[in-house]
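Enquirer: Build the 3D model from these lines:
(chains A and B)
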Amino acid sequence: MLCDSCKERDAVVQLTRIVENAVTKLDLCEKCAAEQGVATTLAAPEHPLGDLLQAVQQHASSTPEDAASCTFCGATARDFRATGRLGCPHCYDAMEQSLRELLRRLHGNSKHVGVAYHAPVAHLVEKADSVHDLRDRLRRAVDSEQFELAAELRDRLRVIE
Amino acid sequence: MSTRRTPLDLSLLPDGGVGWLDASGPSADVVISTRVRLARNVSGYAFAGRAREGERLRMLAQVRDALVAVPSLDGSMLVRLDELAPQERQLLHERHLISKELAGLDKQHPLRSGAAVFLGQRVGMLVNEEDHLRLQCLRSGFAVPQAFEAAMRLDRELGSQVPYAFHREFGFLTACPTNVGTGLRASVLIHLPGLVLTKEIGKVLAGLQQLGLTYRGLYGEGSEVVGNFFQLSNQTTLGRSEEELQDSLVRVVRHVIEREEEARRVLVRDAGYIIEDKLWRAYGTLRYARSLTFDEAMNYLSGVRLAVGLKLISGLSVYTLNKLLIFAQAAHLAHAEGKALTDADANLARARYVRQALVSEGGGVE
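Expert: Residues are numbered from 1 along each chain as shown, chains lettered A, B, ... in the order given. Model prediction:
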């Protein structure tokens, strides 16, 4: 849908105005919405991190983390920028440095000060090496063409099986 | 706990899933409901968006098996969304029990295998949404501490049975970095017609953002504001404790309620008969219209809700108005009529439903 104001860009925001009980609706692009003083956070963007991810991208592209993939799920910093979502909890270790910077920008802080958590004792040893999990990880590594990781996982599967 | 198969029988839901509508909570005429949700992920699996089907199903089974030792979800019902028809998922979404993403109702968010929800008494848990688990508590009115306490209790019970993904520095890990840390999102659904009519709302919303709060529409993220209903919630989740986050929400919302009350006083003082006329016209339209779109109904209901708040209309309960918010939605109308409805048919059914509710549940003559 095109923006009702400039008729050029795609509309991303629906502005509902109620004046004297009359309701008017305008579909606006981000630029025209900003000109009307409307924050565009109400719109559903591809992912909510927009500019921040771009800033981190510039930072990350100069670090070795960019090309590296998470050893658990195979996700890369590139995947993160495309989707705005991390692949698994281990991604936080794999991309720790650039994420710390991102978290500071997002939250004004990167240190959790809330409730501390200790996993139940029986689960302290993660079940990551179960055959099921290794097979899932292997398939994912192959799907995402992470062949080095796939080879490593295949070796570990051989040991277990 | 029971596992169910299609079709969905809404009467089996604890409280029908809408106990929070009963307007029994504090400030219930202004604050419709309070929700506290905690985002958690189970250690040892990829996040739901990247996990393979087998991983999602095993994670769901692990959590389901752990619930025998989770009293907060005693007697809860497991609904497998991946076994439901789209209209049934829409019904649960319209009752604010599941998010749009989990309901899998649009192209952006296709339905995931393993998508499920546990529905208990006032607490529930979404499974395989963006995060593995979203623990939530929904309460009537402005009841942040009560909702917070119930959600935290569920969290403690479940976290002692299922290993959460937790990072020494970043806290509870989530698929999106905007939720990491506490994973806490506390929100209130608040009705602010006074601030909208006096055009103060822009200033108030801008002020909220400076105080670390954000606002959304009726259905949360990505939804537009209709009927002067706003969802106010904390913006950040990391670097402040759960208590600090809820305290700041309570403080700010209390202030917003005061501003709203002040705006209503100004309206009555400076434009008494104009406002009175507008609100009665809204009531008249709802009472006699033969076709109503959802947005129209919400906007006129906003007027009637304000009229009840100002005591211009008597005999109409906030509970009735709350029910109209839910039951005048498309999937609920289709459910009540027992058949799929075109938009035009839904508008007729909506007007009929609203008329009947206003006739049978009072309100009017002054």
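
Enquirer: from here on, contacts and neighbour counts on C-alpha atoms
Expert: OK.

Enquirer: and the gap between A:Glu30 and A:Leu15?
Expert: Counting by Cα to Cα, to the nearest Å, the gap between A:Glu30 and A:Leu15 amounts to 11 Å.

Enquirer: let me fix that: B:Asp131
Expert: 30 Å.

Enquirer: Can you tell me which helix or strand of chain B has the lowest average pLDDT?
Expert: Ranked by mean pLDDT, DSSP states H and E, the weakest helix or strand in chain B is strand B:2-3, scoring a mean of 49.

Enquirer: Am I right that B:Val79 falls within a helix?
Expert: No. Counting by DSSP: H, G, I helix; E, B strand; the rest coil, B:Val79 is located in no helix; its state is strand.

Enquirer: Could you give the bridge partners of it?
Expert: Beta bridges link B:Val79 to B:Val117, judged by DSSP bridges.

Enquirer: wait, isn't it in contact with B:Ala116?
Expert: Yes. If you go by Cα atoms under 8 Å, B:Val79 and B:Ala116 touch, sitting 5.6 Å apart.

Enquirer: Follow the chain on from the lowest-mean-pLDDT helix or strand in chain A and name the next helix or strand.
Expert: Least confident element among the helices and strands of chain A, by mean pLDDT, DSSP H and E: helix A:50-60 (a mean of 57). Sequence order places helix A:77-83 as the next helix or strand after helix A:50-60, per DSSP states H and E.

Enquirer: Helices of chain A, start to end?
Expert: With DSSP state H as the criterion, chain A has helices at A:30-35, A:50-60, A:77-83, A:91-94, A:96-107, A:131-143, A:147-160.

Enquirer: Relative to chain B, which of those is closest?
Expert: Nearest to chain B, of all the helices of chain A, is helix A:96-107, at 5.3 Å by Cα to the nearest Cα.

Enquirer: Please spell out which residues along that closest one are buried.
Expert: A:Ser98, A:Leu99, A:Arg100, A:Glu101, A:Leu102, A:Leu103, A:Leu106, A:His107 (16 or more other Cα atoms under 10 Å in any protein chain shown).

Enquirer: of the residues you listed, list those near chain B.
Expert: For chain B, the contacts drawn from the buried residues of helix A:96-107 by Cα under 8 Å from any Cα of the partner chain are A:Leu103, A:Leu106, A:His107.

Enquirer: separation between the second one and B:Val36?
Expert: The one in question is A:Leu106. According to Cα to Cα, A:Leu106 stands 21 Å off from B:Val36.

Enquirer: what's the answer for B:Ala175, then?
Expert: Relative to B:Val36, and taking Cα to Cα, B:Ala175 is found at 19 Å.

Enquirer: for A:Leu2, same thing?
Expert: 37 Å.

Enquirer: need the strands for chain B, in chain order.
Expert: Per DSSP state E, chain B carries strands over the ranges B:2-3, B:31-40, B:77-80, B:105-106, B:109-110, B:116-119, B:123-127, B:133-140, B:166-167, B:171-172, B:184-191, B:213-216, B:229-234.

Enquirer: Neighbouring strands - and their directions - for the longest one?
Expert: What it means is strand B:31-40. strand B:133-140 (antiparallel), strand B:184-191 (antiparallel).

Enquirer: Dump the last one to PDB, keeping only the CA atoms.
Expert: It refers to strand B:184-191. Only the C-alpha atoms of strand B:184-191 are listed here, as PDB (Å, rounded to 0.1, in the frame of the first residue of the first chain):
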ATOM      1  CA  LEU B 184       9.700  -9.100  32.100                       C
ATOM      2  CA  ARG B 185       7.000  -7.100  30.300                       C
ATOM      3  CA  ALA B 186       4.400  -5.600  32.600                       C
ATOM      4  CA  SER B 187       1.500  -3.900  30.900                       C
ATOM      5  CA  VAL B 188      -1.800  -2.300  31.600                       C
ATOM      6  CA  LEU B 189      -4.700  -1.900  29.100                       C
ATOM      7  CA  ILE B 190      -5.900   1.600  29.800                       C
ATOM      8  CA  HIS B 191      -8.800   3.700  28.500                       C
END
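
Enquirer: returning to what we had before: JSON lines for the strands paired with strand B:31-40, including mean pLDDT and mean neighbour count?
Expert: Shown next, in JSON lines, are those (pLDDT from 0 to 100; neighbours: other Cα atoms under 10 Å in any protein chain shown):
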{"stretch": "strand B:133-140", "mean pLDDT": "95", "mean neighbour count": "26"}
{"stretch": "strand B:184-191", "mean pLDDT": "96", "mean neighbour count": "26"}
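
Enquirer: In a markdown table: the ones you listed, plus distance to B:Ser302.
Expert: What follows is the strands paired with strand B:31-40, written out as a markdown table (distance: least, Cα to Cα, whole Å):
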| stretch | distance to B:Ser302 |
| --- | --- |
| strand B:133-140 | 18 |
| strand B:184-191 | 8 |
